[in-house]
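>>> One predicted model, sequence on top.
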Amino acid sequence: MTPKIVAYGKPCRRLTRSVTGVAVRSKAPPSKLLCGVNDPSNPVYECLACRLPSGRSRLCRVCLADAPILGEQVDGSDRGRRVVAVPHQGRYRYWVHRLKYRNDFDSGRVLALLLAVAVQDSYAAEGQPLPEALLPVPLHWRRRLRRGYNQSEVLAHELSQLIDRPLWPRALQRPIPADPQQGLDRDERLTNLNQAFLARPQVNSRHLALIDDVYTTGATSTAAANALYAAGATRVDVWCATLTTDPHTHRHTHRGAEYGDQPQPSRSSHSSSKPK
């Protein structure tokens, strides 16, 4: 039986609703949110896509239904299932950048929800059981120290609560640093990641899921899965929030120039909220 997805999140910015139904910024105190409803125990949340009120998932039902869920990606391999949520473009690419470089965990929460939907649809369609535990693709400790967190672990943490599966954040480690992967082809990435991962004995005889933010060539997930198989894992599935087929499109800078491609949300309707 597939666990029911339970969405949750953090409070949004303050909103009020005008007589025309358009959500606008408000300087009112929290007790005056949304038509003056005074209920601190039931805070208001804002959809990151359309900016209208939403549930705690930070993605409203309309924008969730409009998302181009990709689901399982068949590559001819019988070693594990590969599931991705959405294309690495438009607002989804923007949310990955926000999560990865701007400490925006709300974006990570939305990406985790989209991935949970893709996972649920993929496994329920064939009546397959979910993996026993979720493992984020690890960062080398120096890179994690510089960034302050691992974006894949943020995704895995949110996802573990959405689908009710345990998170094993230390079962897979990255003791050997590797050069940045951006701009490299698959062979160059595999060479770069040679022996970069180390799995702990707890993965022995387990069905596991690797969690990452972007699937490009599959080199990172392949190297990580090989380490898990070498430690005795019986099956390793790969779950990623976004999919890009061009490694040259997955480049990031810290100057923020790439964030200009965020689609502007509509405050009056959902018709213009779809990614371009």
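Cool, the structure landed. Residues are numbered from 1 along each chain as shown.
>>> Neighbours of Ala124, how many?
12 (other Cβ atoms under 10 Å). Using the backbone N, CA and C atoms, a C-beta is placed for each residue, glycine as well.
>>> whoops, Arg51 was the one
When neighbours are counted by other Cβ under 10 Å, Arg51 registers 20.
>>> Thr242 sits in which helix or strand?
Per DSSP states H and E: Thr242 is located in strand 235-243.
>>> contacts for that strand?
Residues from elsewhere that reach strand 235-243, judged by Cβ atoms under 8 Å, 6 or more residues apart in numbering: 70, 73, 79-88, 92-93, 96, 111-112, 114-115, 118-119, 131, 134, 155, 159, 207-215, 218, 221, 224-225, 228-229.
>>> Just the buried ones from those?
70, 80-88, 92-93, 96, 111-112, 114-115, 118-119, 131, 134, 155, 159, 207-215, 218, 221, 224-225, 228-229 (16 or more other Cβ atoms under 10 Å).
>>> Is the closest residue to Arg147 other than its chain neighbours within a helix or a strand, and which one?
Using Cβ to Cβ, 6 or more residues apart in numbering and skipping residues adjacent in sequence, the residue nearest Arg147 is Leu139, 7.2 Å away. Under the criterion DSSP H and E, no helix or strand holds Leu139.
>>> Correct me if wrong: Leu139 contacts Asn150.
Yes - with contact defined as Cβ atoms under 8 Å, Leu139 reaches Asn150; the gap is 4.8 Å.
>>> CA atoms only: put stretch 143-154 into PDB for me.
Extracted in PDB, the C-alpha atoms of stretch 143-154 (Å, rounded to 0.1, in the frame of the first residue of the first chain):
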ATOM      1  CA  ARG A 143      32.000  21.600   0.300                       C
ATOM      2  CA  ARG A 144      29.300  21.000   2.800                       C
ATOM      3  CA  LEU A 145      31.100  23.200   5.300                       C
ATOM      4  CA  ARG A 146      31.300  26.000   2.700                       C
ATOM      5  CA  ARG A 147      27.700  25.800   1.800                       C
ATOM      6  CA  GLY A 148      26.400  25.100   5.300                       C
ATOM      7  CA  TYR A 149      24.200  22.200   4.200                       C
ATOM      8  CA  ASN A 150      23.600  19.500   1.600                       C
ATOM      9  CA  GLN A 151      20.700  20.400  -0.800                       C
ATOM     10  CA  SER A 152      20.100  16.700  -1.500                       C
ATOM     11  CA  GLU A 153      19.800  16.000   2.200                       C
ATOM     12  CA  VAL A 154      17.200  18.800   2.500                       C
END
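>>> Could I get the buried residue list for that stretch?
Asn150, Gln151, Ser152, Glu153, Val154.
>>> List of residues touching that stretch?
For stretch 143-154, the external contacting residues (Cβ under 8 Å, 6+ apart) are 99-100, 103, 105, 108, 136-139, 169, 177, 211-213.
>>> what do you get for stretch 104-116?
5, 7-10, 48-49, 57-59, 64, 67, 69, 83-86, 92, 94-96, 98-99, 151, 154-155, 158-159, 162-163, 211, 213, 239-242.
>>> In strands only, show me these.
Of the positions in the contacts of stretch 104-116, Val83, Val84, Ala85, Val86, Ile211, Asp213, Trp239, Cys240, Ala241, Thr242 sit in strands, assigned by DSSP state E.
>>> Next, give me the two most distant ones among those residues.
Val86 and Ile211 (14.9 Å; Cβ to Cβ).
>>> could you point out the longest helix in this protein?
helix 105-126 (DSSP state H).
>>> Can you name the next helix or strand after it?
Past helix 105-126, the next helix or strand by DSSP H and E is strand 133-136.
>>> Now do that following strand: which elements does it pack against?
helix 151-163, strand 207-215 (3 or more Cβ pairs under 8 Å, 6 or more residues apart in numbering; DSSP states H and E).
>>> What is the neighbour count of Gln202?
When neighbours are counted by other Cβ under 10 Å, Gln202 comes out with 14.
>>> before we move on, what about Asp187?
Asp187 has 10 neighbours, counted by other Cβ under 10 Å.
>>> Contacts only, for it.
Applying Cβ under 8 Å, 6+ apart, no residues qualify as near Asp187.
>>> Find the helix or strand that it is a member of.
helix 186-192.
>>> ok, then the element right after that helix?
In N-to-C order, the element after helix 186-192 by DSSP H and E is strand 198-199.
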